[in-house]
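>>> Can you look at this prediction? I've put the sequence above it.
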Protein chains: 2
Amino acid sequence: MSDEAVRAIGSEQVPYFRTPEFSEVMFENERLMLRFAAAPEGSRAAFMTGSGTASMEATVANVLTRADRAIVINGGSFGERFVELCQLYAIPHTEIHLDFCQPLTEAHLAPLAGQGYTALVVNMGETSTGVLYDMPMISRFCRDNGLLLVVDAISTFLADPFDMAALGADVMITGSQKALACPPGVSIIVLSPRALERVDKSTTPCMYLNLKLALKNGERGQTPFTPAVQTLLQINRRLRDIEARGGVATEIGRMSALAADFRERIAGLPFTMASPSPSNAVTSLRTPGMSAFDVFTTLKDEYGIWVCPNGGELRDSIFRVGHLGALTINDNATLVDAMRDMQRRGIIR
Amino acid sequence: MSDEAVRAIGSEQVPYFRTPEFSEVMFENERLMLRFAAAPEGSRAAFMTGSGTASMEATVANVLTRADRAIVINGGSFGERFVELCQLYAIPHTEIHLDFCQPLTEAHLAPLAGQGYTALVVNMGETSTGVLYDMPMISRFCRDNGLLLVVDAISTFLADPFDMAALGADVMITGSQKALACPPGVSIIVLSPRALERVDKSTTPCMYLNLKLALKNGERGQTPFTPAVQTLLQINRRLRDIEARGGVATEIGRMSALAADFRERIAGLPFTMASPSPSNAVTSLRTPGMSAFDVFTTLKDEYGIWVCPNGGELRDSIFRVGHLGALTINDNATLVDAMRDMQRRGIIR
């Protein structure tokens, strides 16, 4: 859900972008992204015109090398994607495979300590399940073992607390369409000085996903190729609004309150929380008594409300309710009222 | 310049896209793209969330192989980009280097006949100079020598006549932000059956630019990764509007009339046409008596009109006037009036 100010920009003519004015916008975007990620001194941000996967791939291709030994946390389809990317780029890696909604614990990591690993790759929140991993624990393990820490925060940035410097994280990836609440089409990579050193030495075979090129152009507030100009202007508006309202802590507080409110309201409905450690971004609900996909379809067709269905084997057992962007307590009430109405009608049981 | 209907979509909430409704939009987008490109029976279109360069790279990476011998027409910065991509992917290639605005002639191609070449790669219009290449001549050469023909039509699609089947072209690339007159962020690749066979056998190392994956998802009207949903909805609106107004011939006629009108109006101004074979998309003008960049700056700052400056060594000698999208004869008049005013003031001389 985008707010009105962001949406209004979507209806303006797209300005020509090879200008000092647009460069100023991009400088501000980078400055605010670094601030909101609590990136360490000397970090940089690259803005990629592409899906989150473009930035996941750019990270694997530009930051990791065949000399690495990476640990990849695979607790769902986005963890799986990192595994596939490591395969594609021949990055030696070990996968920690977690069952659906299973938390990562010290018991998973302990056997890998002192084994010569060089990097750990994790989706802080696994978008497909709504699980939030224990980042302080992961951070300690990486510090203790000298690992580079790559964090995909696509679905959690601005929704759950994330302090890149405190965690000692080296890469943070996010996308325009999640808590940034802009249209999809831009993804962003924040890189620590240690990650930047790796990019600088990288010999990635890809032109479009070449981070050295992106960062070099970013030095003058530009991108190597025509970017999604309008989405970048919308991101700028959104970042400035967050700053004006008190910064990232205020925004995360708002998201947290919204998620807590929803989770209280559904008491009495025959759903169970799928994740024991849910992100503020999304609530994943199991529907033991009916098809989760039918809940999605009925809400859409009969109430005009959109929740997120799951695909594949989870299609009938789980649906997700997002809390990102310009949603309000009122939206929670409307949704839960609709669910209670469906319960009265015997559809939710 | 986007029209009002397209811009209005930009201010709507972005709908969830893993739905039959969005699939229908994508099926229609593909159908109309194939029709407007006059693609041969059995062709497909892939919609990539990314700049035109993403699709140029996807084409080189998925359609060409190290077993090819490609001829690359390099008449400016976008031809140069294809040369770099062939280098990056180790595609054996020979470059035909043209001087700025120099047309490609049979004399350039003749020595390469019967030399074992397998493909020819050309930017139909070189965006950086506004030159339109002689496509029928290129087509004859490719047919006579059995070459695969790859056409980057990023800046010319819907502006200059292009008949993929008649030319025997195998790939056509375009972007959302040129004559499609939508925001930047999406590029499109139309592939002939012969090109599709190559994609099917491809072992490209890239996930994000993997065309097999894009085409496979396209079979159900979807994309492998979250696309720029809104831009794809805007493209849909624009394609349907073109269809409703009489199709691609009408649209090209409108663009051609607009370009001709502008070129007549500037008679008497101290500019010369940079290209002997200009595209309808853009008029490149030399400014022998002053800095072209100053013309751009003054038009922007004092008249609120945007023309396109050039970068690099052409910065001071050439500027470009685009004729794409929702521009009208009235816009031509406003621009040329401003130029005549600048001439009276002694700025244009």
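Great, that's in hand.

>>> quick one, phi psi at the residue nearest the centre of chain A?
Nearest residue to the geometric centre of chain A (CA atoms, centre = their mean): A:Ile154, 1.3 Å. In terms of degrees, to the nearest 10, the main-chain angles of A:Ile154 are phi -50, psi -40.

>>> Can you give the distance of stretch A:98-116 from its chain's centre?
Using CA atoms, centre = their mean, to the nearest Å, the mean C-alpha position of stretch A:98-116 is found 21 Å from that of the whole chain.

>>> before we move on, what about stretch A:129-139?
For stretch A:129-139, the distance to the chain centre is 13 Å (CA atoms, centre = their mean).

>>> what does that stretch contact?
A:73, A:75-76, A:100-106, A:109, A:120, A:122-126, A:149, A:151, A:156, A:160, A:162, A:166-169, A:274-275, A:277-279, A:281-284, A:318, A:320 (CB atoms under 8 Å, 6 or more residues apart in numbering or on different chains). From N, CA and C alone the C-beta is placed, and that goes for glycine too.

>>> Selecting buried members of those residues in ChimeraX, what would you type?
Applying 16 or more other CB atoms under 10 Å in any protein chain shown to the contacts of stretch A:129-139 leaves a buried subset, and the ChimeraX line that selects it is:
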select /A:73,75,76,100,101,104,109,120,122,123,124,125,126,149,151,156,160,162,167,168,169,274,275,278,279,281,282,283,284,318,320
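
>>> Flag every buried residue along the helix or strand where A:Ala257 lies.
Taking DSSP states H and E as the definition, A:Ala257 sits inside helix A:248-265. Across helix A:248-265, burial judged by 16+ other CB under 10 Å covers A:248, A:251-252, A:254-255, A:258-259, A:262-263, A:265.

>>> Tell me the strands beside the helix or strand following it, with direction?
Using DSSP H and E, the helix or strand that follows helix A:248-265 in sequence is strand A:272-273. For strand A:272-273, the paired strands and their directions (DSSP bridges) are strand A:282-286 (antiparallel).

>>> Quick one: distance of the strand it pairs with to the chain centre.
16 Å.

>>> Return it as CSV; C-alpha atoms alone will do.
In CSV, the C-alpha atoms belonging to strand A:282-286 read as follows (Å, rounded to 0.1, in the frame of the first residue of the first chain):
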residue,chain,number,x,y,z
VAL,A,282,3.5,-10.1,7.8
THR,A,283,1.4,-12.6,9.7
SER,A,284,1.3,-16.1,8.3
LEU,A,285,-1.8,-18.0,9.4
ARG,A,286,-2.6,-21.7,9.2
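
>>> List the contacts of it.
With CB under 8 Å, 6+ apart as the test, strand A:282-286 has contacts from A:101, A:125, A:127, A:129-131, A:155, A:259, A:262-263, A:266, A:271-275, A:278, A:292, A:308, A:317-324.

>>> Mind checking which of these are in strands?
Using DSSP state E, the members of the contacts of strand A:282-286 that fall in strands are A:125, A:131, A:272-273, A:308, A:318-322.

>>> Nearest to chain B among those residues?
Closest approach between the ones in strands among the contacts of strand A:282-286 and chain B, by CB to the nearest CB: A:Cys308, at 6.8 Å.

>>> Could you pull out the strands in the stretch 101-250 of chain A for me?
A:119-123, A:125-126, A:131-132, A:148-152, A:171-175, A:186-191 (DSSP state E, counting those that start in this stretch).
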